[in-house]
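J.: sequence and predicted model, in that order:
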Amino acid sequence: MHKSRWSTTLILVRPESPRILKFRFTKTAIVILLVSCLISFIGVIAMRHVVGPLSMRDSLRLEHENQELKVMNLNIAAGTAKVETRVDELEQQAHHILELVNTE
């Protein structure tokens with residue numbers, strides 16, 4: 001009896017290199033790869049159930065904190081604009097005073 005051994009080969013050719021890379025996969029290697037992917041997937045699903053989704057209360061709390069931070073950012077931006085305007089006015093006054101001192 002002829003016993004056939006199932007295997008496949010993956011050949012990679014890079015455009016910048018004349019070298020050809022060959023990877024040979026046997027049936028055992030493919031089964032191991034599929035089982036490990038399945039175990040990883042099941043692990044992710046299990047972690048999702050352990051951790052669980054955000055509760056409605058947590059979601060509302062995060063939304064409220066986000067709104068507060070947006071308001072704080074707007075207040076800081078408005079304060080910065082006021083300070084910049086005042087600094088410009090003071091610079092103009094200082095320039096005017098220097099002109100008056102230099103003319104005398």
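T.: Looks like it came in fine.

J.: from here on, just use CA atoms for contacts and neighbour counts.
T.: Fine.

J.: can you tell me the element the nearest residue to residue 9 once chain neighbours are set aside falls in?
T.: Using C-alpha to C-alpha, 6 or more residues apart in numbering and skipping the chain neighbours, the partner closest in space to residue 9 is residue 24 (4.3 Å). Assigned by DSSP states H and E, residue 24 belongs to strand 20-26.

J.: chain center to the host helix or strand of residue 68, what's the gap?
T.: Following DSSP H and E, one finds residue 68 within helix 56-103. Using C-alpha atoms, centre = their mean, to the nearest Å, the distance from the centre of helix 56-103 to the centre of the chain it belongs to is 29 Å.

J.: report all helices and strands that that helix contacts.
T.: Helix 56-103 makes packing contacts with no helix or strand when contacts are defined by 3 or more C-alpha pairs under 8 Å, 6 or more residues apart in numbering; DSSP states H and E.

J.: could you pull up the mean pLDDT of it?
T.: When the per-residue pLDDT values of helix 56-103 are averaged, the result is 90.

J.: per-domain residue ranges of this structure.
T.: Under the assignment automatic domain parsing, the domains of the chain span 1-52, 54-104.

J.: okay, these in TSV with mean neighbour count next?
T.: Formatted as TSV, the entries for the domains of the chain read as follows, by neighbours: other C-alpha atoms under 10 Å:
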stretch	mean neighbour count
domain 1-52	10
domain 54-104	11
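
J.: tell me how far the residue nearest to the spatial centre of the chain lies from residue 56.
T.: When the chain is reduced to its mean C-alpha position, the nearest residue by C-alpha atoms, centre = their mean turns out to be residue 66, at 18.2 Å. Note on residue 66: its distance to residue 56, by C-alpha to C-alpha, to the nearest Å, is 15 Å.

J.: put the alpha carbons of stretch 77-85 into CSV.
T.: These are the backbone C-alpha positions of stretch 77-85, laid out as CSV (Å, rounded to 0.1, in the frame of the first residue of the first chain):
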residue,chain,number,x,y,z
ALA,A,77,-8.7,78.1,25.5
ALA,A,78,-10.8,81.2,26.4
GLY,A,79,-8.4,82.1,29.2
THR,A,80,-5.4,81.7,26.9
ALA,A,81,-7.0,84.0,24.4
LYS,A,82,-7.7,86.6,27.0
VAL,A,83,-4.1,86.4,28.3
GLU,A,84,-2.7,86.7,24.7
THR,A,85,-4.8,89.8,24.1
